[in-house]
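In: The following block contains a protein sequence and its predicted model.
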Amino acid sequence: MRLDVDAPDATVYFGNGPGCDSPDNTPFIECETADPGTATTFTFTIAAATGTALGDYDYTLTLLLDGAEIHSETGVVEVVEGRDDGVFRDFTTEDLTYTGVEPGTALDVNPHILQNSAYPESVDVIGVYFGNPAGVGAPNGGAHLNPAWDNCMVDIWISGSGYFCFFTEFEDLPGTVLQFSQPFVYTVDEDAPGPLAVCACSYHIWGMSEDDFAADFAGPWWEPDSSNLLSLVTADDQDAPAADDDPSYGSITIETTENPYDLAVEGADLSGGEVQVTIPVENLGPAGAINRAISETEPGYQLRGQLPEGAEFVSVDNEGDGHWFCESGDLSDLYEAAGVETELDRFDFVCSFWTLEPGESHEFTVTLDVGDATGEPGKVEVDARYRGVDGVNLDGDLANNTAALTVDGRSLPNTGTSIITFVAIAAGAVVLGIVLFLLTRRRKDSDGTDAENPVDPSNPADSA
């Protein structure tokens with residue numbers, strides 16, 4: 001299904017629902033299902049940005065089956081003045097914190113909610129929203145919520161970020177502590193790392209009119225006599241939650257037990273002029289390196305490289321298929337952001353990735369010119385840009401986070417003063433040997449003796 005509104009970009013726009021995708025700030029949405037039935041329902045939102053001209057906008061709806069158009073129709077969507085939301089929010093919610101939670105745990109969550117005052121006559125529906133772990137641009141990994149009651153629906157504004165549930169049958173009980181007839185279940189992923197707040201989630205509750213419910217959520221859509229409905233009920237325990245700055249919003253924090261991942265990187269020995277090197281980064285487990293993005297364009301993990309002295313950067317493969325991307329050039333801002341968390345003197349290239357499951361790896365391909373390399377080694381390192389509870393590094397083995405980029409085996413990793421001294425002496429000995437060999441060969445040539453069989457310094461008989 002395709003729905004296209006004839007409006008400028010950044011005016012009429014859609015929110016992604018299940019099976020639907022709409023490019024940001026465009027008046028176009030496309031929805032599909034791999035298994036269409038006799039009737040298929042797609043749920044999504046449509047809205048108008050502030051400043052959009054009021055009036056009618058034509059739309060075209062196209063239905064396709066196996067890529068072939070089977071139906072098309074046109075219509076009009078109207079943009080009207082915004083209305084007062086008329087929302088009732090006089091609730092006080094409970095903040096909940098769970099610590100020491102094992103990966104794989106299914107956690108029952110049923111907070112106390114105090115109805116502070118009587119509902120106005122305009123309130124016909126109570127709505128509640130429970131969020132999944134919220135990420136930047138996409139949900140975070142580590143835990144998830146998936147209620148299956150008929151009167152609940154997935155968030156159609158930000159797909160996968162949470163769920164709405166609605167109640168059309170409820171009592172008006174001012175001063176009463178409420179709960180839900182069944183708990184919401186947050187399941188912690190089997191490979192969730194820790195200690196980490198895998199869910200720094202929130203929920204909120206509000207009342208609205210029947211008209212607003214129909215306009216904003218197209219409800220009610222469930223059968224009133226269904227046996228699979230969540231209800232709002234009086235709590236057995238009437239201990240009221242304490243109010244805070246935004247009492248209709250509550251928090252749900254779930255912290256896992258210790259469960260590290262292990263990111264590992266391999267170095268390489270380079271030779272020749274222009275060379276292509278593949279640098280693998282692997283997660284040795286047991287936990288997953290889950291999504292913890294810094295921003296929509298900054299994933300939570302980095303492979304960082306400093307070239308051997310004298311080597312020149314040529315290019316880096318950037319075909320990460322959405323899983324990773326690489327940068328080069330002036331990376332001083334990324335270097336400054338890393339601060340004390342890097343062992344490198346500079347960043348010549350940085351490859352960023354979103355996630356890495358246990359046992360999986362990413363391979364990053366870099367092309368370098370090492371023809372003028374001096375032999376001083378370079379380095380690569382892998383690191384997460386976030387930390388766990390109390391600043392804990394969730395990588396359980398930092399010894400394999402750094403590796404050397406050597407040239408012709410001439411350089412060793414910079415691991416201490418004694419090693420550097422040894423390398424300098426060894427390199428001097430090699431140079432001296434070459435000079436002696438050339439002088440010896442030149443002398444024999446000038447005498448005309450054994451010119452066709454120059455001395456081999458590795459042969460004890462020739463050296464003697």
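Out: Ah, there it is.

In: from the chain's centre, how far out does the strand or helix carrying residue 336 sit?
Out: Counting by DSSP states H and E, the element that carries residue 336 is helix 332-338. Relative to its chain's centre, helix 332-338 lies at 20 Å (Cα atoms, centre = their mean, to the nearest Å).

In: same deal with stretch 363-375?
Out: That offset, for stretch 363-375, works out to 30 Å (Cα atoms, centre = their mean).

In: CA atoms only for that stretch - export them in PDB, please.
Out: C-alpha atoms of stretch 363-375 as PDB (Å, rounded to 0.1, in the frame of the first residue of the first chain):
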ATOM      1  CA  GLU A 363      35.600  -6.500   8.900                       C
ATOM      2  CA  PHE A 364      36.900  -3.100   8.000                       C
ATOM      3  CA  THR A 365      39.000  -2.700   4.900                       C
ATOM      4  CA  VAL A 366      41.600   0.100   4.700                       C
ATOM      5  CA  THR A 367      43.900   1.000   1.800                       C
ATOM      6  CA  LEU A 368      47.300   2.500   2.800                       C
ATOM      7  CA  ASP A 369      50.500   3.500   1.000                       C
ATOM      8  CA  VAL A 370      53.400   2.200   3.100                       C
ATOM      9  CA  GLY A 371      56.200   2.900   0.600                       C
ATOM     10  CA  ASP A 372      57.700   5.700   2.700                       C
ATOM     11  CA  ALA A 373      56.900   4.200   6.100                       C
ATOM     12  CA  THR A 374      59.700   4.600   8.600                       C
ATOM     13  CA  GLY A 375      59.100   1.400  10.600                       C
END
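
In: and it, which residues are buried?
Out: For stretch 363-375, burial by neighbour count (16 or more other Cβ atoms under 10 Å) applies to 364, 366, 368-370, 373, 375. The C-beta positions use only the backbone N, C-alpha and C, and glycine is treated the same way.

In: cool, and stretch 4-20?
Out: Buried, per 16+ other Cβ under 10 Å, within stretch 4-20: 4-5, 7, 11-20.

In: If I look at the most centrally placed residue in the chain, what pLDDT would I see?
Out: Computing the C-alpha centroid of the chain and ranking residues by Cα atoms, centre = their mean puts residue 291 first, at 3.3 Å. Reading off the confidence values, residue 291 has pLDDT 90.

In: quick one: contacts for the closest residue to it other than its chain neighbours?
Out: Of all residues not flanking residue 291 in the chain, residue 141 sits nearest, at 4.7 Å (Cβ to Cβ, 6 or more residues apart in numbering). By Cβ atoms under 8 Å, 6 or more residues apart in numbering, the contact set of residue 141 is 133, 189, 192, 198, 288, 290-292, 355.

In: Among the residues you listed, which one lies nearest to residue 218?
Out: residue 133 (26.9 Å; Cβ to Cβ).

In: re the thing from before, for residue 394, state which of the buried residues of stretch 4-20 is nearest.
Out: So of the buried residues of stretch 4-20, ranked by how close each gets to residue 394 (Cβ to Cβ), first place is residue 16, at 30.4 Å.

In: Excluding chain neighbours, give the residue nearest to residue 148 in space.
Out: In space, residue 148 is closest to residue 228, 7.5 Å off (Cβ to Cβ, 6+ apart).

In: Correct me if wrong: residue 33 contacts residue 17.
Out: No. Judged on Cβ atoms under 8 Å, residue 33 makes no contact with residue 17 at a distance of 11.6 Å.

In: Return every residue with contacts to both of the two.
Out: residue 42.

In: who wins for most neighbours among the contacts of residue 141?
Out: residue 198 (27 neighbours; other Cβ atoms under 10 Å).

In: mind checking which helix or strand that residue is in?
Out: strand 197-208.

In: helices or strands up against that strand?
Out: strand 91-93, strand 125-131, strand 143-145, strand 184-188, strand 249-256 (3 or more Cβ pairs under 8 Å, 6 or more residues apart in numbering; DSSP states H and E).

In: any chance of the ones you listed in a markdown table, plus mean neighbour count, distance to residue 242 and mean pLDDT?
Out: A markdown table is the format used below for the helices and strands packed on strand 197-208 (neighbours: other Cβ atoms under 10 Å; distance: least, Cβ to Cβ, whole Å; pLDDT from 0 to 100):
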| stretch | mean neighbour count | distance to residue 242 | mean pLDDT |
| --- | --- | --- | --- |
| strand 91-93 | 22 | 8 | 95 |
| strand 125-131 | 21 | 20 | 96 |
| strand 143-145 | 23 | 25 | 92 |
| strand 184-188 | 20 | 21 | 97 |
| strand 249-256 | 21 | 11 | 95 |
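
In: Dump those strands to a markdown table, plus distance to residue 72.
Out: What follows is the helices and strands packed on strand 197-208, written out as a markdown table (distance: least, Cβ to Cβ, whole Å):
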| stretch | distance to residue 72 |
| --- | --- |
| strand 91-93 | 46 |
| strand 125-131 | 35 |
| strand 143-145 | 38 |
| strand 184-188 | 41 |
| strand 249-256 | 44 |
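
In: For residue 396, which of the ones you listed is the nearest?
Out: strand 249-256 (13.8 Å).

In: Next, the angle from the strand holding residue 198 to strand 249-256.
Out: 160 degrees (axes from the mean of the first three to the mean of the last three Cα atoms, to 10 degrees).

In: Could you pull up the mean pLDDT of strand 197-208?
Out: Computed over strand 197-208, the average pLDDT equals 94.

In: Checking residue 220 next. Helix, strand or coil?
Out: Classification of residue 220 using DSSP: H, G, I helix; E, B strand; the rest coil returns coil.

In: any idea of the pLDDT on it?
Out: For residue 220, the model assigns a pLDDT of 95.

In: got it, and residue 415?
Out: 35.

In: ok, back up a step: quickly find the element holding the residue nearest to residue 291.
Out: Using DSSP H and E, residue 141 sits in no helix or strand.

In: still on that earlier bit, tell me the helix or strand right after the helix holding residue 336.
Out: strand 349-353.

In: Run me through the strand neighbours of that next one, direction for each.
Out: Sheet pairing of strand 349-353 (DSSP bridges) gives strand 301-306 (antiparallel), strand 324-328 (antiparallel).

In: so how far is residue 235 from residue 247?
Out: Separation of residue 247 from residue 235 (Cβ to Cβ, to the nearest Å) stands at 16 Å.

In: neighbours around residue 182, how many?
Out: The number of residues packed near residue 182 is 14, by other Cβ under 10 Å.

In: Leaving out sequence neighbours, find the closest residue to it.
Out: Nearest one to residue 182, counting by Cβ to Cβ, 6+ apart, is residue 230 at 6.1 Å.

In: Kindly report the same for residue 244.
Out: In space, residue 244 is closest to residue 95, 7.6 Å off (Cβ to Cβ, 6+ apart).
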